[in-house]
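Student: Provided below are the primary sequence and the corresponding predicted coordinates.
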Amino acid sequence: MSFSSIYEIAGSAMSAQTIRLNTVASNMANADVVSGSEADAYRAKRPVFSTVMFDMNSAVAGAKVQVDEVIESDEPLLRRYEPHHPQANKDGYVFHSTVNVVEEMADMMAASRNFETNVDVMSRARSMQQSILRLGQTG
């Protein structure tokens, strides 16, 4: 596996985790948003990842990650009777998002650690390349 493959794999993982962090941020920002209609209420979003194989003809094939899509949760919304709420529908109900802030924080921490790990992989690969260049200069 070449150094460019290492950078490609780690870079794809960093891009995927950036999208994951963006969806977490969106979910947390909209966690307390209510709506008068079920259709307009905020639903949590989740990225869907898949593996992309490459260098299949080489001795060591690689596997990158890609984001296929960002889907909305199909979890039922919380419907509450709040007739005095300014966004209540004609029957007095508002629909609350089902975003679980604790779950989102855990997801944010996992995505952040994954991103940092891939930064470390790229840094170590660069360090290895520099060591190889120094070996070539001394010989």
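Tutor: Done, it's in. Numbering: from 1, shown residues only.
Student: remind me which residues of this structure are low pLDDT?
Tutor: Low-confidence segments of the chain (pLDDT under 70): 1, 56, 58-60, 138-139.
Student: Closest to the centroid, which residue in it?
Tutor: Among the residues of the chain, the one closest to the centroid is Arg20, at 1.0 Å (CA atoms, centre = their mean).
Student: I'd like the distance between Tyr42 and Ala88.
Tutor: Distance, Tyr42 to Ala88, using CB to CB, to the nearest Å: 17 Å. For glycine as for every other residue, the C-beta is placed from the backbone atoms N, C-alpha and C.
Student: elements contacting the helix or strand containing Asp68?
Tutor: Using DSSP states H and E, Asp68 falls within strand 62-72. Counting contacts by 3 or more CB pairs under 8 Å, 6 or more residues apart in numbering; DSSP states H and E, strand 62-72 packs against helix 3-29, strand 45-54.
Student: Give me the distance between that strand and the centre of its chain.
Tutor: Relative to its chain's centre, strand 62-72 lies at 9 Å (CA atoms, centre = their mean, to the nearest Å).
Student: Check stretch 2-9 too.
Tutor: In terms of CA atoms, centre = their mean, the centre of stretch 2-9 is found 21 Å from the chain centre.
Student: Sort out which residues of that stretch are buried, please.
Tutor: Residues Ser5, Ile6, Glu8, Ile9 are the ones in stretch 2-9 that count as buried (16 or more other CB atoms under 10 Å).
Student: got the buried residues for the lengthiest helix in the chain?
Tutor: Looking across the chain with DSSP state H, the single longest helix is helix 101-138. Neighbour counts using 16+ other CB under 10 Å place Glu104, Asp107, Met108, Ala111, Asn114, Phe115, Asn118, Val121, Met122, Ala125 of helix 101-138 among the buried residues.
Student: doesn't Val65 make contact with Arg20?
Tutor: No: Arg20 is beyond contact range of Val65, at 10.3 Å (criterion: CB atoms under 8 Å).
Student: if we can go back for a sec, leaving out chain neighbours, which residue sits closest to the residue nearest to the centre of the chain?
Tutor: Leaving aside its chain neighbours, Arg20 sits nearest to Ala111 (4.3 Å; criterion: CB to CB, 6 or more residues apart in numbering).
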